[in-house]
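Participant: got a predicted structure here, sequence first:
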Amino acid sequence: MELFITVALLHLFAVASPGPDFFLIARQSTLYGRDISIWASLGISIGILMHSFLSIVGIYVLLSLYPDFIFYMKIIASLYIASIGVRTLLVNSQIEISTLSDQKKNHCN
């Protein structure tokens, strides 16, 4: 039951967020009418449901077969987030340096 609730919540969030599927449905409804857009919506919903369900089942299988998997995933995720932070700091410092040099050039002219 817990797996079903998780899948249902994931499905709800996936369907509620706008994206390319929204534009597909809008295009289908304007070009072909209500019936075709309902079928397209149903197809997208089933696809999202299957993708969410299979993702959760896959993660469950990995965790049941390899109990240490979550530990290693936490380490990998932490390193990835740290690398994003370092790259953000480096890019911001380069932007500040270039902005300051541009301001000095404009101020001198």
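Facilitator: Done, it's in. The shown structure was predicted, so the numbers you read here are calculated from the model rather than taken from an experiment. Numbering: from 1, shown residues only.
Participant: can you tell me the helix or strand for the residue nearest the centre of the chain?
Facilitator: Geometric centre of the chain, nearest residue: A14, 9.4 Å, by Cα atoms, centre = their mean. According to DSSP states H and E, A14 maps onto helix 2-16.
Participant: now for that helix, which elements pack on it?
Facilitator: Judged by 3 or more Cβ pairs under 8 Å, 6 or more residues apart in numbering; DSSP states H and E, helix 2-16 is in contact with helix 34-65. From N, CA and C alone the C-beta is placed, and that goes for glycine too.
Participant: what angle sits between the helix it packs on and helix 2-16?
Facilitator: Angle, helix 34-65 to helix 2-16, by axes from the mean of the first three to the mean of the last three Cα atoms, to 10 degrees: 140 degrees.
Participant: list of residues touching the helix holding A14?
Facilitator: 44-45, 48-49, 51-53, 55-57, 60 (Cβ atoms under 8 Å, 6 or more residues apart in numbering).
Participant: can these go into CSV with extra columns for distance to T30 and neighbour count?
Facilitator: Shown next, in CSV, are the contacts of helix 2-16 (distance: Cβ to Cβ, whole Å; neighbours: other Cβ atoms under 10 Å):
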residue, distance to T30, neighbour count
I44, 17, 18
S45, 20, 14
I48, 22, 17
L49, 26, 16
H51, 27, 13
S52, 29, 20
F53, 31, 17
S55, 32, 12
I56, 35, 15
V57, 37, 12
Y60, 41, 12
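Participant: and which of those residues is nearest A82?
Facilitator: The shortest approach to A82 among the contacts of helix 2-16 belongs to S55, at 25.2 Å (Cβ to Cβ).
Participant: need the pLDDT of the closest residue to that closest one other than its chain neighbours.
Facilitator: Nearest residue to S55, sequence neighbours excluded (Cβ to Cβ, 6 or more residues apart in numbering): L10, at 7.8 Å. For L10, the pLDDT comes out at 76.
Participant: how close does G19 sit to G47?
Facilitator: Applying Cβ to Cβ, to the nearest Å, the value for G19 to G47 is 12 Å.
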